[in-house]
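[1] Sequence first, predicted coordinates after that:
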Amino acid sequence: MSAPLLRRIAGRMQLLVGAVLTVAIVGIAILSQFWTPEAPTRMRFALKLKGPLVQGLLGTDHFGRDLTSMLMVGAWNSLSIGVLAVAVGASVGTVLGVSAAARGGLLEGAIMRLCDILFAFPAVLSAIVLGALMGPGAFTAVIAIGVFMVPVFARVTRGAAAQVCARDYVLAARAAGKGQARITLEHVLPNIASHIIVQATIQLGLAILTEAGLSFLGLGIAPPAPSWGRMLADAQTYLSAAPHLALVPGIAIALSVLGFNLLGDGLRDLIDPRRRLGG
């Protein structure tokens with residue numbers, strides 16, 4: 001990594017804060033697969049509704065389960081669903097966006113109208129429909145959120161790919177007899193990869209938030225697997241007696257979304273030369 005790049009990174013506080021939050025959350029999620037203070041599904045009714053530091057670091061829930069352990073495993077579940085959903089949305093959306101930019105005409109119009117239709121069906125509504133057909137679960141959440149992400153990536157990649165397709169080196173490649181598929185793989189995708197990565201980082205925060213909403217409604221990961229959204233839903237009954245039940249997952253969700261958003265915005269400012277000159 002070059003010294004000028006390091007200086008630019010060091011001078012962008014939002015990028016640094018976003019990176020620290022993201023690394024912390026990802027690190028906790030990975031750690032949960034090897035170690036937690038307690039088994040996250042272990043019930044101890046004699047220790048229910050204990051406050052932070054009274055029993056464990058963050059206390060216990062209404063079943064006596066350790067909140068720290070549930071929060072750690074919930075981070076893994078939320079991140080895994082978010083990453084898979086963004087991967088689905090990015091893969092399908094990139095193919096559609098690049099195809100629209102490369103072909104234009106009726107195909108471009110049809111793809112953009114399809115994106116408009118998909119925008120009309122939010123992830124929560126899609127999950128309710130899919131849940132009725134397939135039953136609630138992680139797969140339903142991934143597909144519902146992923147479908148919601150498709151038009152976002154399609155529009156981003158279409159705009160970026162259209163600019164690349166108008167460049168001289170792409171026109172020269174066409175004049176040299178290269179096919180559209182080869183031009184896309186060799187010239188278009190490498191030059192729009194940064195846009196896709198930045199958008200994926202921002203959308204990951206939204207995916208985590210959406211997954212929490214689906215779990216809150218009972219459409220996410222099936223119990224007894226810990227989920228931040230279901231932890232919030234279970235806390236409603238005990239808000240007055242044990243407010244920490246809602247604060248713990250609520251703060252975790254807020255920090256996760258904030259971290260990925262700051263990281264995505266920071267990367268976009270770092271990569272985009274127009275923003276870099278303006279900043």
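    Done, it's in. Numbering: from 1, shown residues only.

[2] Can you name the element that comes right after the top helix by length along the chain?
    When the chain is parsed with DSSP state H, its longest helix is helix 67-103. For helix 67-103, the following helix or strand on the C-terminal side (DSSP states H and E) is helix 105-119.

[3] Return the angle between stretch directions for that following helix and helix 67-103.
    Helix 105-119 and helix 67-103 meet at an angle of 160 degrees, taking axes from the mean of the first three to the mean of the last three C-alpha atoms, to 10 degrees as the criterion.

[4] Mind giving me the packing neighbours of helix 105-119?
    Using 3 or more C-beta pairs under 8 Å, 6 or more residues apart in numbering; DSSP states H and E as the contact test, the elements touching helix 105-119 are helix 67-103, helix 138-165. Just so you know, the C-beta spots here come from the backbone N, C-alpha and C atoms, and that holds for glycine as well.

[5] Please state the offset of it from the chain centre?
    24 Å (C-alpha atoms, centre = their mean, to the nearest Å).

[6] what's in contact with the following helix or strand past it?
    The helix or strand immediately downstream of helix 105-119 is helix 123-134, counting by DSSP H and E. If you take C-beta atoms under 8 Å, 6 or more residues apart in numbering as the criterion, helix 123-134 is touched by 136, 140-141, 143-145, 147-148, 210, 213-214, 217, 219.

[7] Tell me the pLDDT of Met13.
    The model reports Met13 with a pLDDT of 78.

[8] count of residues packed around Ala193?
    Close neighbours of Ala193, defined as other C-beta atoms under 10 Å, add up to 12.

[9] Tell me the spacing between it and Gly82.
    When C-beta to C-beta, to the nearest Å is the yardstick, Ala193 and Gly82 sit 20 Å from each other.

[10] what does Leu58 give?
    22 Å.

[11] Need the per-residue pLDDT for the closest residue to Ala222 other than its chain neighbours.
    Leaving aside its sequence neighbours, Ala222 sits nearest to Gly137 (C-beta to C-beta, 6 or more residues apart in numbering; 5.4 Å). Turning to Gly137, the model gives it a pLDDT of 83.

[12] got the contact list for the residue nearest in space to the middle of the chain?
    The geometric centre of the chain, computed from its C-alpha atoms, lies nearest to Leu204 (C-alpha atoms, centre = their mean), at 1.4 Å. For Leu204, the contact set (C-beta under 8 Å, 6+ apart) comprises Gly82, Val83, Val86, Phe260, Gly264.

[13] Looking at the residues you listed, which is nearest Trp228?
    Trp228 has its nearest neighbour among the contacts of Leu204 in Gly82, at 11.1 Å by C-beta to C-beta.

[14] Which residue is the nearest non-sequential neighbour of the closest one?
    Setting aside the residues directly before and after it, Gly82 is nearest to Ala207 in space (C-beta to C-beta, 6+ apart), at 3.7 Å.

[15] Kindly report the same for Ala225.
    Residue nearest to Ala225 in three dimensions, not counting chain neighbours: Asn77, with 6.1 Å by C-beta to C-beta, 6+ apart.

[16] Please, which helix or strand holds the residue nearest to the centre of the chain?
    Counting by DSSP H and E, the element that carries Leu204 is helix 189-216.

[17] Tell me what angle that helix forms with helix 123-134.
    Using the same axes, to 10 degrees: helix 189-216 against helix 123-134 is 70 degrees.

[18] just to revisit the earlier point, closest to Phe45 out of the helices and strands packed on helix 105-119?
    Smallest distance to Phe45 across these (C-beta to C-beta): 15.3 Å, for helix 67-103.

[19] between the closest one and helix 138-165, how many degrees?
    40 degrees.
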